[in-house]
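*Asks:* this one's structure only:
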Ligand SMILES: [Zn+2]
């Protein structure tokens with residue numbers, strides 16, 4: 001998951017209060033491992049921290065290269081290194097991060113930190129590449145860009161190799177059952193505001209007759225489909241057209257273009273609108 005930039009002063013103070021309290025209680029106990037791009041802080045079990053440090057450096061190089069950010073290796077060195085805090089257990093992580101109980105890790109853009117807890121295999125295999133990808137993407141695109149949340153979450157999940165391998169098959173199943181959402185609704189939906197118990201109205205992709213259905217769905221189903229569709233769209237853009245064009249698309253967003261303008265610029269002659277993106281993506285899945 002992501003922690004978006006905190007917009008209000010109260011929010012900022014609230015966050016720092018919680019983070020300060022949580023880190024202060026461990027202040028004397030934190031030990032540190034220094035890598036080229038990451039500082040790994042841990043309380044106990046140095047061998048797990050060493051594995052995280054080693055994996056983080058490898059993920060960093062692979063993700064930047066997979067995304068086609070070729071000169072990225074110059075970033076995040078020395079004083080710009082990302083801090084990874086490994087809390088000793090889930091309870092202390094949740095207290096420190098002030099995240100919902102289902103959370104297993106988070107990226108804090110403002111302070112360039114990743115927070116999680118020890119001995120989580122999820123941290124090694126999924127959370128680490130996911131959160132590193134969020135930080136790399138936001139570093140590249142910035143905060144002012146009109147980059148939709150699905151793109152951010154799609155890039156982060158695409159960095160998890162286990163998801164990359166299954167996303168096309170899972171998306172095909174959703175396509176077959178008519179459960180995929182229109183890309184226009186994906187752009188407009190702020191998934192961070194959707195709770196499990198909510199009922200959400202959202203349009204489907206076009207059926208064979210060219211019509212969209214208005215779906216009324218439980219929040220947890222919306223979240224699940226949204227995340228699959230997000231990574232499926234990113235997988236489509238990168239597999240079909242390559243990393244270089246994807247980087248160019250991200251660069252256009254960074255430089256202030258709207259989503260459609262950036263698509264038109266980078267994928268000119270092929271994708272000129274969100275409707276065309278949806279159409280080509282569905283053809284790719286079918
Ligand atoms: Zn995320």
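*Replies:* Yes, it's here. Bear in mind that the values here come from a model prediction, so they are computed numbers and not experimental data.

*Asks:* How about the contacts made by the residue of the stretch 151-286 of the chain found nearest the ion?
*Replies:* Nearest residue of the stretch 151-286 of the chain to the ion (CB to the ion) works out as residue 156 at 4.3 Å. All C-beta spots, glycine's among them, are computed from the backbone N, C-alpha and C. By CB atoms under 8 Å, 6 or more residues apart in numbering, residue 156 lies in contact with 2, 130, 131, 133, 134, 137.

*Asks:* Let's see that with 6 Å instead.
*Replies:* 130, 133, 134 (CB atoms under 6 Å, 6 or more residues apart in numbering).

*Asks:* buried stuff in the helix or strand harbouring it?
*Replies:* In this structure, residue 156 sits in helix 149-158 according to DSSP states H and E. For helix 149-158, burial by neighbour count (16 or more other CB atoms under 10 Å) applies to 149, 150, 151, 152, 153, 154, 155, 156, 157, 158.

*Asks:* Stretch 49-62 now?
*Replies:* 49, 52, 53, 55, 56, 59, 60.

*Asks:* Against residue 30, how distant is the fourth one?
*Replies:* This means residue 55. 20 Å (CB to CB, to the nearest Å).

*Asks:* what do you get for the third one?
*Replies:* Computed as CB to CB, the residue 53 to residue 30 distance reads 14 Å.

*Asks:* what distance separates the lengthiest helix in the chain from the middle of the whole chain?
*Replies:* Longest helix in the chain, counting residues (DSSP state H): helix 219-241. When distances are taken as CA atoms, centre = their mean, to the nearest Å, helix 219-241 is centred 11 Å away from the chain's centroid.

*Asks:* which helices and strands sit right next to it?
*Replies:* helix 149-158, helix 161-176, helix 274-285 (3 or more CB pairs under 6 Å, 6 or more residues apart in numbering; DSSP states H and E).

*Asks:* need the contact list for residue 250.
*Replies:* Counted by CB under 6 Å, 6+ apart, residue 250 has contacts residue 141.

*Asks:* Dihedrals phi and psi, it?
*Replies:* phi -60, psi -40 (degrees, to the nearest 10).

*Asks:* How about residues contacting stretch 125-133?
*Replies:* So stretch 125-133 is contacted by 55-56, 59-60, 63, 104-105, 107, 114, 116, 155-156, 159-160 (CB under 6 Å, 6+ apart).

*Asks:* re earlier: give me the subset of the contacts of residue 156 that lies in helices.
*Replies:* Short answer: the contacts of residue 156 in helices (DSSP H) are 130, 133, 134.

*Asks:* Residues of the stretch 51-200 of the chain that sit close to the ion?
*Replies:* 153, 156 (CB under 5 Å from the ion).

*Asks:* at 8 Å what do you get?
*Replies:* Within the stretch 51-200 of the chain, the positions adjacent to the ion are 107, 130, 131, 134, 152, 153, 156, 157 by CB under 8 Å from the ion.

*Asks:* tilt between the helix holding residue 156 and helix 219-241?
*Replies:* Inter-element angle recorded for helix 149-158 and helix 219-241: 70 degrees (by axes from the mean of the first three to the mean of the last three CA atoms, to 10 degrees).

*Asks:* and helix 149-158, average pLDDT?
*Replies:* For helix 149-158, mean pLDDT is 95.

*Asks:* Also stretch 236-252?
*Replies:* Stretch 236-252 comes out at a mean pLDDT of 93.
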